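Novice: what follows is a predicted protein model with its sequence.
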Amino acid sequence: MKKSNKKLTSNLITYGIVVVAFLLCQLAISGVIDGFSMSRSLKGQLIPICVYIVMAVSLNLTVGISGELSLGHAGFMSVGAFSGIVAAMWLSKGMGNENELLCLVLAIIVGGICAGIAGVIIGIPVLRLRGDYLAIVTLAFGEIIRNVLNCLYISLDGSSLHLAFNNPNIPGKLLVNGPAGATGVSKFSTFGMGFVLVLFTLFVVLNLINSRSGRAIMAIRDSRIAAESVGINITKYKMMAFVTSAVLAGMAGALYGLNFSTVTASKFKFDTSILVLVFVVLGGIGNIRGSIIAATLLTVLPELLRAFSTYRMLIYAIVLILVMLATNNPTLRSAVDRIVPRLRKSAARKESDQA
């Protein structure tokens, strides 16, 4: 009973952090409070922050909860981005739907479904592997997806969609133009929808972790042999975590793609997968709240360091190294482990005194 209460409290704190951050950002955007405003560059980072939070939390489901190292997460993001763009443009221009919110919601759903299908196709052969082999193969699949998108041409002719590979001579206006990517994209993404997507991701991931399926996934991570001995279906639960992660990454990709007028496959290279993995590792493998904080800080940090001009990324790298050294310092960890229980005891005493 105590464990369930602790989990519930921890989940509520996580939701509360996201809600408070959203409200503070809305106050800064509106400029209601004098002296409390947000620069234009930081406003432009709000939707990417939401996207990277979803990416980090979803990858943590695979890396931290399932215990499988995946280096192709950007591939699912790219599938969601391009499929979401095509769906939104078809709905708005092909079907004449002027409701931008509806187009955005349906595009995010389509992006998630397409990324989920890609996750199933990739997961069936890949999840038979373990450790470094799994990481290498997921990396290869991410690069395969990117190169397929570079050869893909999709056009809109009235209300009809045409698709071709390595052939730009198809009727209608090109929505996806091979290496040039998707150009002339209408911007549908909003910060409010990004906030809703973050909450949806947290709801799915936290409920999965605390469910019977989540416990089975963590049992497989801790000891595959022990999990098999009690009758847990290894393939089923590993596939569940992998595909759920892919669906959420695809939804984030759709939101990301509809935030820019031009989107190319080069934006979803291996570097993007590594960046998201850095968020997960820096925030703590298996720590959902840590992934949220790390994704937010590391997305904002390059903008905050822009005043340092050419030394900006050097300082960014040094900060990363220092934070990694600090978080992996056993002395610091033991100090935190001693302080946190004391704070909890003092809070409990205050509550009892008040009662």
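Specialist: Alright, I've got the coordinates.
Novice: quick one: contacts for the residue nearest to residue 10 when sequence neighbours are not counted?
Specialist: Nearest residue to residue 10 in three dimensions, chain neighbours excluded: residue 289, at 7.7 Å (C-beta to C-beta, 6 or more residues apart in numbering). Yep, even glycine has a C-beta here, placed from its N, CA and C like the rest. Counting by C-beta atoms under 8 Å, 6 or more residues apart in numbering, residue 289 makes contact with 10, 13, 14, 17, 283.
Novice: buried residues in the strand or helix carrying residue 289?
Specialist: Secondary structure assigned from DSSP states H and E places residue 289 in helix 288-304. Under the neighbour-count criterion of 16 or more other C-beta atoms under 10 Å, helix 288-304 has 288-300, 304 buried.
Novice: just put these in TSV and tack on distance to residue 108.
Specialist: Below are the buried residues of helix 288-304 laid out as TSV (distance: C-beta to C-beta, whole Å):
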residue	distance to residue 108
288	21
289	24
290	25
291	20
292	19
293	24
294	24
295	19
296	21
297	25
298	24
299	20
300	24
304	29
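Novice: farthest-apart pair in those, please.
Specialist: Maximum pairwise distance among the buried residues of helix 288-304 (C-beta to C-beta): 24.5 Å, between 288 and 304.
Novice: rewinding a little: state the distance from the residue nearest to residue 10 to residue 81.
Specialist: In this view, residue 289 and residue 81 are 26 Å apart by C-beta to C-beta, to the nearest Å.
Novice: now residue 8
Specialist: Distance of residue 8 to residue 81, computed by C-beta to C-beta: 35 Å.
Novice: settle it for me: which of these two has more neighbours?
Specialist: Per other C-beta atoms under 10 Å, whichever of residue 8 and residue 81 has more neighbours is residue 81, with 36 against 11.
Novice: that one reaches residue 249, doesn't it?
Specialist: No. Using C-beta atoms under 8 Å, residue 81 makes no contact with residue 249, being 9.9 Å away.
Novice: which neighbours do those two share?
Specialist: By C-beta under 8 Å, 6+ apart, no residue touches both residue 81 and residue 249.
Novice: residue 261 and residue 187 touch, don't they?
Specialist: Yes. In this structure, residue 261 is within contact of residue 187 by C-beta under 8 Å, at 6.6 Å.
Novice: A strand includes residue 174, no?
Specialist: Yes. Counting by DSSP: H, G, I helix; E, B strand; the rest coil, residue 174 is located in a strand.
Novice: what's the closest non-adjacent residue to it?
Specialist: What sits nearest to residue 174 in space, not counting adjacent residues and going by C-beta to C-beta, 6+ apart, is residue 155, at 4.9 Å.
Novice: and what about that neighbour, helix, strand or coil?
Specialist: Going by three-state DSSP: residue 155 is strand.
Novice: pLDDT value on it, please?
Specialist: pLDDT recorded at residue 155 is 86.
Novice: who are the contact partners of residue 300?
Specialist: Contacts of residue 300 (C-beta under 8 Å, 6+ apart): 42, 45, 49.
Novice: residue 257 and residue 82 touch, don't they?
Specialist: Yes. The criterion here is C-beta under 8 Å, and residue 257 meets it with residue 82 at 6.7 Å.
Novice: who has more neighbours out of those two?
Specialist: Between residue 257 and residue 82, residue 257 has the larger neighbour count (other C-beta under 10 Å), namely 31 against 27.
Novice: got the phi/psi numbers for the more buried one?
Specialist: Main-chain torsions, residue 257, degrees, to the nearest 10: phi -60, psi -30.
Novice: elements contacting whatever helix or strand residue 24 lives in?
Specialist: Assigned by DSSP H and E, residue 24 belongs to helix 2-30. Taking 3 or more C-beta pairs under 8 Å, 6 or more residues apart in numbering; DSSP states H and E as contact, the helices and strands that helix 2-30 lies on are helix 191-209, helix 288-304.
Novice: after it, next one along is what?
Specialist: For helix 2-30, the following helix or strand on the C-terminal side (DSSP H and E) is helix 40-43.
Novice: let me see the mean pLDDT of that following helix.
Specialist: The pLDDT scores in helix 40-43 average 80.
Novice: list the buried residues in it.
Specialist: Along helix 40-43, these residues count as buried under the neighbour rule (16+ other C-beta under 10 Å): residue 42.
Novice: for residue 13, see how far away the most centrally placed residue in the chain is.
Specialist: Central residue of the chain (C-alpha atoms, centre = their mean): residue 55, 1.1 Å from the mean position. With distances taken as C-beta to C-beta, residue 55 is found 22 Å from residue 13.
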